[in-house]
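J.: test case, fold it:
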Amino acid sequence: MPRSRINGNFIDKTFSIVANILLQIIPTTSGEKEAFTYYRDRMSAQSEGNYAEALQNYYEAMRLEIDPYDRSYILYNIGLIHTSNGEHTKALEYYFRALERNPFLPQAFNNMAVICHYRGVHIIHQGDSEIAEAWFDQAAEYWKQAIALTPGNYIEAHNWLKITGRFE
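T.: Numbers count the residues shown, from 1 in each chain. Modelled structure (predicted):
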């Protein structure tokens, strides 16, 4: 049984009903409908913390989805799961792949910056300030890109850039 039919959350059920109605009304191919179903089920699984199931649904959605813009969000969400699991190298890979398809994802740039900043902090505690600075510089570049796409967002990153002298 599809996850959308077993979820007990009222909002999720309402979303599923409306989405199913829209899928019947809007002219879409059967592949697009199937891809959306996997995407919707992934969202439900991810919100419940079932990352393995969410990843399976994402991978299936990637197999079915052909639109580069939609694929970018699927890749971005796969990156989110890997970030949540502490798999930062994999997360960065998926964020890069998302940005290849859609370079206007400020949230991907932000998440990449957060990972680089985290790595810099981790390395500075190990005593290697030179490598840590390289990670901080990379974080700064990603945050600048995120801020350029959405001025007024990422206030904390903006302040960090100013405080550390990395804001131009």
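J.: could you measure from residue 73 over to residue 154?
T.: Look at residue 73 and residue 154: by Cβ to Cβ, to the nearest Å, they are 19 Å apart. For every residue, glycine as well, the C-beta is placed using N, CA and C.
J.: check residue 138 too.
T.: Taking Cβ to Cβ, one finds residue 138 at 16 Å from residue 154.
J.: neighbour count: those two, which is higher?
T.: Per other Cβ atoms under 10 Å, whichever of residue 138 and residue 154 has more neighbours is residue 154, with 21 against 17.
J.: residues contacting the more buried one?
T.: 106, 110, 143, 146-147 (Cβ atoms under 8 Å, 6 or more residues apart in numbering).
J.: now these as JSON lines including pLDDT, distance to residue 87 and neighbour count?
T.: Listed next are the contacts of residue 154 as JSON lines, based on pLDDT from 0 to 100; distance: Cβ to Cβ, whole Å; neighbours: other Cβ atoms under 10 Å:
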{"residue": "106", "pLDDT": "97", "distance to residue 87": "22", "neighbour count": "18"}
{"residue": "110", "pLDDT": "98", "distance to residue 87": "18", "neighbour count": "22"}
{"residue": "143", "pLDDT": "98", "distance to residue 87": "22", "neighbour count": "26"}
{"residue": "146", "pLDDT": "98", "distance to residue 87": "21", "neighbour count": "23"}
{"residue": "147", "pLDDT": "97", "distance to residue 87": "26", "neighbour count": "21"}
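J.: and those, which of them are in helices?
T.: In helices, defined here by DSSP state H, the members of those are 106, 110, 143, 146-147.
J.: where does this protein have its least confident helix or strand?
T.: helix 3-6 (a mean of 44; mean pLDDT, DSSP states H and E).
J.: using CSV, write out every CA atom in the helix or strand containing residue 108.
T.: Assigned by DSSP states H and E, residue 108 belongs to helix 106-125. In CSV, the C-alpha atoms belonging to helix 106-125 read as follows (Å, rounded to 0.1, in the frame of the first residue of the first chain):
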residue,chain,number,x,y,z
PRO,A,106,20.5,28.9,-2.8
GLN,A,107,19.6,26.2,-0.2
ALA,A,108,22.1,23.9,-1.9
PHE,A,109,24.9,26.5,-1.7
ASN,A,110,24.0,27.2,1.9
ASN,A,111,24.1,23.5,2.9
MET,A,112,27.4,23.1,1.1
ALA,A,113,28.8,26.1,3.0
VAL,A,114,27.5,24.7,6.3
ILE,A,115,29.4,21.4,5.6
CYS,A,116,32.6,23.3,4.7
HIS,A,117,32.3,25.4,7.8
TYR,A,118,31.7,22.3,9.9
ARG,A,119,34.8,20.7,8.5
GLY,A,120,36.8,23.8,9.1
VAL,A,121,35.8,23.9,12.7
HIS,A,122,36.5,20.2,13.1
ILE,A,123,40.0,20.6,11.6
ILE,A,124,40.9,23.7,13.6
HIS,A,125,40.3,21.7,16.8
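J.: cool, thanks, talk later.
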